[in-house]
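**Q** Give me coordinates for this.
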Amino acid sequence: MTNLCLELKNNYSKGVFSVNKYLIPLNQLPIGFFGKVRKLTADGSARRRMLDLGLINDTTVESLRKSPAGDPIAYEIRGAVIALRSEEASKILVESIQQLG
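**A** Residues are numbered from 1 along each chain as shown. All right, here's what the predicted structure looks like:
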C-alpha cells in the first residue's frame, strides 16, 4: 500500500474527513477553488512540461473556468492563465485550500 493509501485509510478509520487532508487530481478541483500542488504523477516530457509551467511542490493553483465543451480547463498558475486538458490535469495532485484573500 502506498503512503497516500495508508494515510487515507488511517484518516477514514479515525473519522477524519477534512477536505484539506486529501489529495485530489487538479481536474477535479471545483471552479473558483484553490489548490496547492503536492505531487506530479506524469513522467517523461509531460512531467517536464508541467515543471516548466511552474507546477512544483507548494505552487498555488486556481481553477478558473471550463471551456464550453468542458475540456480544457483554465487555471491560474503563478500569475499566468494556462489551459490544461483533463488528461494532463489528472496527473497533478493538489491539496484543496481555503480561498485566499
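**Q** in this structure, which helix or strand is least confident?
**A** For the chain, counting by mean pLDDT, DSSP states H and E, helix 3-14 ranks last in confidence among helices and strands (a mean of 51).
**Q** what's the next secondary structure element after that one?
**A** Downstream of helix 3-14, the next assigned helix or strand under DSSP states H and E is strand 23-25.
**Q** in that following strand, what's buried?
**A** 23-24 (16 or more other C-beta atoms under 10 Å). Any C-beta I mention is one placed from the backbone N, CA and C, and that applies to glycine too.
**Q** what lines up beside that strand in the sheet?
**A** With DSSP bridges as the test, strand 23-25 is paired with strand 92-97 (antiparallel).
**Q** Alpha carbons of the partner strand, as PDB, please.
**A** C-alpha atoms of strand 92-97 as PDB (Å, rounded to 0.1, in the frame of the first residue of the first chain):
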ATOM      1  CA  ILE A  92      -1.300  16.800 -10.900                       C
ATOM      2  CA  LEU A  93      -2.300  16.000  -7.400                       C
ATOM      3  CA  VAL A  94      -3.300  19.000  -5.300                       C
ATOM      4  CA  GLU A  95      -4.500  19.700  -1.700                       C
ATOM      5  CA  SER A  96      -7.600  21.800  -1.700                       C
ATOM      6  CA  ILE A  97      -7.000  25.000   0.400                       C
END
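**Q** quick check: mean pLDDT across it?
**A** The average pLDDT for strand 92-97 rounds to 94.
**Q** quick one: buried residues of that strand?
**A** Result for strand 92-97 [16+ other C-beta under 10 Å]: buried residues 92-96.
**Q** can you give me the offset of it from its chain's centre?
**A** 4 Å (C-alpha atoms, centre = their mean, to the nearest Å).
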